[in-house]
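**Student:** predicted structure and sequence below. I'll ask about it afterward.
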Number of protein chains: 2
Amino acid sequence: MPQTLHVERHFTSSEFVRDVVIGMADGLTVPFALAAGLSGAVQLTSIIVTAGLAEVAAGSIAMGLGGYLAARSDAEHYVSEKKREWHEVEMMPGEELAEVADLFREYGLSDDAIAPILSAFEANPKGWVDFMMKYELGLEEPDPKRALNSAATIAGAYIVGGLIPLAPYMLWKNPSQALVGSVAVTLTALLIFGYVKGRFTGTKPVRSALQTTLIGGLAASAAFLIAKMFS
Amino acid sequence: MPQTLHVERHFTSSEFVRDVVIGMADGLTVPFALAAGLSGAVQLTSIIVTAGLAEVAAGSIAMGLGGYLAARSDAEHYVSEKKREWHEVEMMPGEELAEVADLFREYGLSDDAIAPILSAFEANPKGWVDFMMKYELGLEEPDPKRALNSAATIAGAYIVGGLIPLAPYMLWKNPSQALVGSVAVTLTALLIFGYVKGRFTGTKPVRSALQTTLIGGLAASAAFLIAKMFS
């Protein structure tokens, strides 16, 4: 059944793929654009490589550590909301039952159909709390290992992505020559990355490839113009 | 009732605040770290300002346009999943009813309690599809205006955040002097930003302030070390 297939794919690959996409999209784009911008403003590729690597270090830490702390605070938020939900189910069951009833009434269920749901929940507070967590608050229980994995994946993908546009500046001394190489290598990488990303996330691959490349190209052009203006 | 209050706050302010937080957290951190890194490697603040502004241009476009396209593809994903769900409800209602039954069985409902839910859904396919979208797939209908707002908010917050650490480099010619000013201004801004962010997102404000400042400090230190090594 397509539905089941879809849901399974959604749950198994999505978090890892999402983290790689987040890290690599920015890693390919921002160091690329920064280096392209500086190519119009400085005489030596060594400064561009230094700035590019500083950016990759800063960006991977900001994104990785940011991702780690965000995932950890999601986990804490889940625990505190669950405690609150337990408290409400135990201390004011009447109001919570009314909330469940409202919820089902919205989907056109009659009070006669709702009554057995309410008694089933009253007899099973654990299931009731889980239901409220997922349905009323839209919260899924986070995986405890996720925070660290997510941080490492995002940071690693940012570094890998960021080294691609910088490589030509390490090989050539002349900024304009290196810029041509970097544009060629990075636009190719963005096309491939966008295509693969599209296949994983369900956007049309060709469109995803063009969009990703467009973002990189626009960011690099803007950085180039700004750097020209201020140098 | 605290629950209602919480949910309301969650729905009204969260998307705008989340976009500002996403943009400003990176805007304050990455240009700050890049400029700090270059301070240890170049002799003139003019190169640092050029690199910093190029980064702000690149980063705000990458994040803003990235946010725009992500929000738009969320909206398209919702439409296509809804179409699929309608198709399934109409073409294979038996299997979809079995899915609903499984879902409620997990929360401890008996088959007798489930039967009226199934007939209510059969009589109301629109409510049924909405229920499956929200509950089985965890998808909320996205706001059509959200994509553009989100892009503008993230990009604007990135630019505002990014100009703060760069300002001292515009005022002083000496990189080490400007670095001291940038560290002072940016760490103060990160503390305030982290504190306010904590108040909005429900993390303890003081902890959020310290965490945000720690990320900025670590990213800047790493960028400084990397730039020193390669210059």
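**Tutor:** Yep, it's here. Numbering: from 1, shown residues only, chains lettered A, B, ... in the order given.
**Student:** now do the helices in chain A.
**Tutor:** Listed in chain order, the helices of chain A (DSSP state H) span A:2-39, A:45-91, A:93-106, A:111-123, A:125-131, A:146-171, A:175-201, A:205-230.
**Student:** as CSV, the ones you listed with mean neighbour count and mean pLDDT would be great.
**Tutor:** Any C-beta I mention is one placed from the backbone N, CA and C, and that applies to glycine too. Output for the helices of chain A, formatted as CSV (neighbours: other CB atoms under 10 Å in any protein chain shown; pLDDT from 0 to 100):
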stretch, mean neighbour count, mean pLDDT
helix A:2-39, 21, 74
helix A:45-91, 21, 89
helix A:93-106, 15, 87
helix A:111-123, 17, 85
helix A:125-131, 18, 87
helix A:146-171, 21, 94
helix A:175-201, 19, 93
helix A:205-230, 21, 91
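**Student:** closest to B:Gly27 out of those?
**Tutor:** Taking CB to CB, helix A:45-91 is the member of the helices of chain A nearest to B:Gly27, at 10.0 Å.
**Student:** break chain A down into its structural domains.
**Tutor:** A:15-59+A:159-230, A:81-136 (automatic domain parsing).
**Student:** in chain A, which residue sits furthest out from the middle?
**Tutor:** The outermost residue of chain A relative to its centre, with distances by CA atoms, centre = their mean, is A:Asp112 at 43.4 Å.
**Student:** now do the same contact list for it.
**Tutor:** Shown in contact with A:Asp112 (CB atoms under 8 Å, 6 or more residues apart in numbering or on different chains): B:Pro116.
**Student:** ok, back up a step: I'd like the helices of chain A written out as CSV, with distance to B:Arg105 added.
**Tutor:** What follows is the helices of chain A, written out as CSV (distance: least, CB to CB, whole Å):
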stretch, distance to B:Arg105
helix A:2-39, 17
helix A:45-91, 20
helix A:93-106, 16
helix A:111-123, 10
helix A:125-131, 10
helix A:146-171, 28
helix A:175-201, 32
helix A:205-230, 38
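**Student:** looking at those, spot the one closest to B:Phe16.
**Tutor:** Nearest of those to B:Phe16, taken as CB to CB: helix A:45-91 at 17.4 Å.
**Student:** my guess is A:Pro205 contacts A:Arg199, does it?
**Tutor:** Yes. Between A:Pro205 and A:Arg199 there is a contact under CB atoms under 8 Å: 5.1 Å.
**Student:** circling back to that earlier point, between the helices of chain A, which gets nearest to B:Asp19?
**Tutor:** Smallest distance to B:Asp19 across the helices of chain A (CB to CB): 14.1 Å, for helix A:45-91.
**Student:** and the closest one, what does it pack against?
**Tutor:** Counting contacts by 3 or more CB pairs under 8 Å, 6 or more residues apart in numbering or on different chains; DSSP states H and E, helix A:45-91 is packed against helix A:2-39, helix A:93-106, helix A:125-131, helix A:146-171, helix A:175-201, helix B:2-39, helix B:45-91, helix B:205-230.
**Student:** how far does the fifth one sit from the chain's center?
**Tutor:** Going back to what we said before, that points to helix A:175-201. Centroid separation between helix A:175-201 and its chain, computed with CA atoms, centre = their mean, to the nearest Å, is 20 Å.
**Student:** so, in contact with chain B or not, that helix?
**Tutor:** Yes. If you take CB under 8 Å from any CB of the partner chain as the test, helix A:175-201 does meet chain B, through A:Thr201.
**Student:** could you check the angle helix A:45-91 makes with that helix?
**Tutor:** Angle of helix A:175-201 versus helix A:45-91, following axes from the mean of the first three to the mean of the last three CA atoms, to 10 degrees, is 30 degrees.
**Student:** who does helix A:175-201 touch, helix- and strand-wise?
**Tutor:** Contacts defined by 3+ CB pairs under 8 Å, 6+ apart place helix A:175-201 against helix A:2-39, helix A:45-91, helix A:146-171, helix A:205-230.
**Student:** the third one vs helix A:205-230, what angle?
**Tutor:** Translated: helix A:146-171. Relative orientation of helix A:146-171 versus helix A:205-230 (the same axes, to 10 degrees): 60 degrees.
**Student:** again, but for the longest one
**Tutor:** For helix A:45-91 and helix A:205-230, the angle between their directions (the same axes, to 10 degrees) works out to 120 degrees.
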